[in-house]
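S.K.: Provided below for reference: sequence and predicted model.
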Amino acid sequence: MTRRHPSFNTLSRELDTIIDSSSDGLFVCDAHAYVIRMNPASEKIHKISANAVVGRNMRALIDEGFIDRSAALEASISKERVSLLQNKGGHKLISIATPVFDERAELIRVVVSERDVTEIDALQRELEKQEAIKNSLRDQMLAMQQAELESQQIIARSPQMIRAVQQAMRVAKADSSVFILGESGVGKGLISQLIHTHSARAGQPLIKINCGAIPESLIEAELFGYEKGAFTGALNSGKPGQFELADGGILFLDEIAELPLGSQVKLLRFLEDGKITRLGDTKGRKLDVRVLAATHQNMEEMVEQGRFRLDLYYRLNVIPIQIPALRDRDECIIPLIHHYLEAFGKRSGCRKRMTRAALDALCGYSFPGNVRELMNICERLVVMTETDVIDVDDLPGQIGPVPVPSGSEPCSLPIGLSLKDALEKVEKEILARALCAHHSQLEIAEALGVNQSTIARKLKKHQLIS
Ligand SMILES: Nc1ncnc2c1ncn2[C@@H]1O[C@H](COP(=O)(O)OP(=O)(O)OP(=O)(O)O)[C@@H](O)[C@H]1O
């Protein structure tokens, strides 16, 4: 079946219907901006009848104050599409004038479409207002959170650290176990406190146990308690373990990777059924304890080596929070320095400030001991610097204006030094670094592979402690 082309009359009727039924205002002008027709929507927008406008020139309508500007007039002059946004009787009107050309590229008509955008504009403004209110509320909330964090002495400025803190605040409300991961001194203990403060158990104890600091033979009794006669030297009365002491509250197991395999089994059992059994006892005790665990070890490696149970690792790792190393959060370094200079300054009654060069040198340092090392450096600087201004020369040897690549020589030795003096100097430097990176002589001794009394003696000899 062939389709017949519509006649001119049919086309014209169709066009009339389209123009008249359009909800946008439409009007047509000739090449000299005389109005030829105006649709009902346009009559409504301008509150005027088409009869009063058709045949009139746009210039005259402007002169009579009917409109301020005419898109049709401007398009008839420029012979280009013109868009105008104007106010008309308290309404916002968008007019788009499109020139129409004949086959000889002569302008023959200008078609103008108009739309009253007052409502859209009002909606847009309302939306912007709501957005501004939302932003200001969010800023207020962030400022409050920041103030709260600072009151808890937690400085978080880098995106990764802010994320870790936000995660901690979020999981605080849930009652699940949390696994806090990160190098030594990054603030895992601090995050455990934050979780405690924001949890429903805030009014109950937060008990911290460093699993690495308790001898293997004692840890099970320490954690789970014992009954009388459980072992030689056991108290006659028996003794509750830390789990029982933390009942209703939170138990923070730091250095969890150091937990012996026997205690790992007991911990797993507790995480599964909420029961512990004292050493020498036969019946279990039901307890209500939330467990937080932390480690600086690579747990996957520990599991692979058979030193940590896979099932316990999975059970603990349900909610992991990774705390980034300080060298990976540049934005935190200067705020932390200011925070600790201020805190130690207040404590010792001598306010100190730091030169830009010293701050730059510290920012370029890798802080193997993380925030703890930064804190110790600040404390030493506040106490030891004689002037009020701390400069590069006052910084410990390992930090200097030119960063020393890690793994290279610990300190530069003057030529001509005797072997004995050179060794002394290197030993002092190594001890000074270790002092910054660790928080006890025991830790330094472990890190350097000597016993604690040697460390104590050498620190004294080099006058690194009084
Ligand atoms: N974001 C921080 N803002 C302010 N002080 C911090 C921050 N992070 C850590 N500190 C401080 O650094 C010190 C070390 O932190 P913390 O003991 O929590 O580290 P850790 O990761 O638990 O170390 P370790 O694994 O050796 O136990 C603490 O004195 C703590 O107050």
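M.R.: Yes, it's here. Numbers count the residues shown, from 1 in each chain.

S.K.: tell me the contacts of K79?
M.R.: By CB atoms under 8 Å, 6 or more residues apart in numbering, K79 lies in contact with 99, 107. The C-beta positions use only the backbone N, C-alpha and C, and glycine is treated the same way.

S.K.: which bits of the stretch 201-350 of the chain sit near the ligand?
M.R.: Proximity of the stretch 201-350 of the chain to the ligand (CB under 6 Å from any ligand atom) is limited to residues 254, 296, 336.

S.K.: and the pLDDT for whichever residue of the chain sits closest to the ligand?
M.R.: Using CB to the nearest ligand atom, the single residue of the chain nearest to the ligand is G187, 2.7 Å away. What the model reports for G187 is a pLDDT of 95.

S.K.: who are the neighbours in contact with it?
M.R.: 154, 323, 370-371.

S.K.: check V165 too.
M.R.: V165 makes contact with 149, 154, 156, 191, 194, according to CB under 8 Å, 6+ apart.

S.K.: one more: A358?
M.R.: By CB under 8 Å, 6+ apart, the contact list for A358 reads 390-392, 394-395.

S.K.: can I get those in TSV with distance to the ligand and secondary structure?
M.R.: As requested, these are arranged in TSV below (distance: CB to the nearest ligand atom, whole Å; DSSP: H, G, I helix; E, B strand; the rest coil):
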residue	distance to the ligand	secondary structure
I390	19	strand
D391	24	coil
V392	24	helix
D394	21	helix
L395	19	coil
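
S.K.: adding neighbour count, write those out as a markdown table.
M.R.: Formatted as a markdown table, the contacts of A358 follow (neighbours: other CB atoms under 10 Å):
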| residue | neighbour count |
| --- | --- |
| I390 | 22 |
| D391 | 14 |
| V392 | 17 |
| D394 | 17 |
| L395 | 21 |
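
S.K.: between the residues you listed, which is nearest C211?
M.R.: Distance to C211, by CB to CB, is smallest for L395 among those, at 34.8 Å.

S.K.: could you check the pLDDT of the closest one?
M.R.: Looking at L395, its pLDDT stands at 91.

S.K.: that one reaches D360, doesn't it?
M.R.: No - L395 lies out of contact with D360 (CB atoms under 8 Å); the separation is 10.7 Å.

S.K.: picking that back up, tell me which two of the contacts of V165 sit farthest apart.
M.R.: In these, two members sit farther apart than any others by CB to CB. They are L149 and I191, at 11.0 Å.

S.K.: more neighbours, those two?
M.R.: Neighbour count, other CB atoms under 10 Å: between L149 and I191, I191 has more, with 27 against 16.

S.K.: helix/strand/coil for M302?
M.R.: Here M302 is recorded as helix under DSSP: H, G, I helix; E, B strand; the rest coil.

S.K.: quick check, it in contact with R309.
M.R.: No - between M302 and R309 there is no contact, the gap being 9.6 Å when judged by CB under 8 Å.

S.K.: what stretches of the stretch 251-400 of the chain score poorly on pLDDT?
M.R.: Along the stretch 251-400 of the chain, the parts satisfying pLDDT under 70 run over 400.

S.K.: which residue ranges of it form helices?
M.R.: 261-273, 299-304, 310-316, 330-348, 356-363, 370-384 (DSSP state H, counting those that start in this stretch).

S.K.: and for the stretch 1-150 of the chain?
M.R.: According to DSSP H, counting those that start in this stretch, the helices that the stretch 1-150 of the chain contains are 8-21, 40-46, 50-53, 58-63, 71-78, 118-151.

S.K.: let's have the ones you listed in JSON lines, adding distance to the ligand and mean pLDDT.
M.R.: What follows is these, written out as JSON lines (distance: least, CB to the nearest ligand atom, whole Å; pLDDT from 0 to 100):
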{"stretch": "helix 8-21", "distance to the ligand": "67", "mean pLDDT": "85"}
{"stretch": "helix 40-46", "distance to the ligand": "61", "mean pLDDT": "89"}
{"stretch": "helix 50-53", "distance to the ligand": "72", "mean pLDDT": "91"}
{"stretch": "helix 58-63", "distance to the ligand": "67", "mean pLDDT": "92"}
{"stretch": "helix 71-78", "distance to the ligand": "60", "mean pLDDT": "95"}
{"stretch": "helix 118-151", "distance to the ligand": "8", "mean pLDDT": "72"}
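
S.K.: so which of the ones you listed is the most packed in?
M.R.: Highest mean neighbour count of those: helix 71-78, a mean of 21 (counted as mean count of other CB atoms under 10 Å).

S.K.: what's that helix packed up against?
M.R.: Contact analysis of helix 71-78 by 3 or more CB pairs under 8 Å, 6 or more residues apart in numbering; DSSP states H and E lists strand 25-30, helix 58-63, strand 82-88, strand 91-101, strand 107-116 as its packing neighbours.

S.K.: need the contact partners of the last one.
M.R.: Read that as strand 107-116. If you take CB under 8 Å, 6+ apart as the criterion, strand 107-116 is touched by 22, 24-31, 33, 36, 41-42, 45, 71-72, 75-76, 79, 91-102.

S.K.: strands paired with it, and their directions?
M.R.: Strand pairing for strand 107-116, determined by DSSP bridges: strand 25-30 (antiparallel), strand 91-101 (antiparallel).

S.K.: and the ones you listed, which is most packed in?
M.R.: Most buried of those by mean neighbour count (mean count of other CB under 10 Å) is strand 25-30; its value is a mean of 21.

S.K.: hey, C-alpha coordinates of it in PDB?
M.R.: What follows is strand 25-30, C-alpha atoms only, in PDB (Å, rounded to 0.1, in the frame of the first residue of the first chain):
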ATOM      1  CA  GLY A  25       4.300  30.400  24.100                       C
ATOM      2  CA  LEU A  26       5.000  30.600  20.400                       C
ATOM      3  CA  PHE A  27       4.800  33.500  18.100                       C
ATOM      4  CA  VAL A  28       6.100  34.200  14.600                       C
ATOM      5  CA  CYS A  29       7.400  37.500  13.200                       C
ATOM      6  CA  ASP A  30       8.400  38.400   9.600                       C
END
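
S.K.: what angle do it and helix 71-78 make?
M.R.: Put simply, strand 25-30 runs at 40 degrees to helix 71-78, going by axes from the mean of the first three to the mean of the last three CA atoms, to 10 degrees.

S.K.: give me the distance from strand 25-30 to the chain's centre.
M.R.: Computed by CA atoms, centre = their mean, to the nearest Å, the separation of strand 25-30 from the middle of its chain amounts to 56 Å.

S.K.: again, but for stretch 306-316
M.R.: 29 Å.

S.K.: one more: stretch 443-457?
M.R.: In terms of CA atoms, centre = their mean, the centre of stretch 443-457 is set 38 Å apart from its chain centre.
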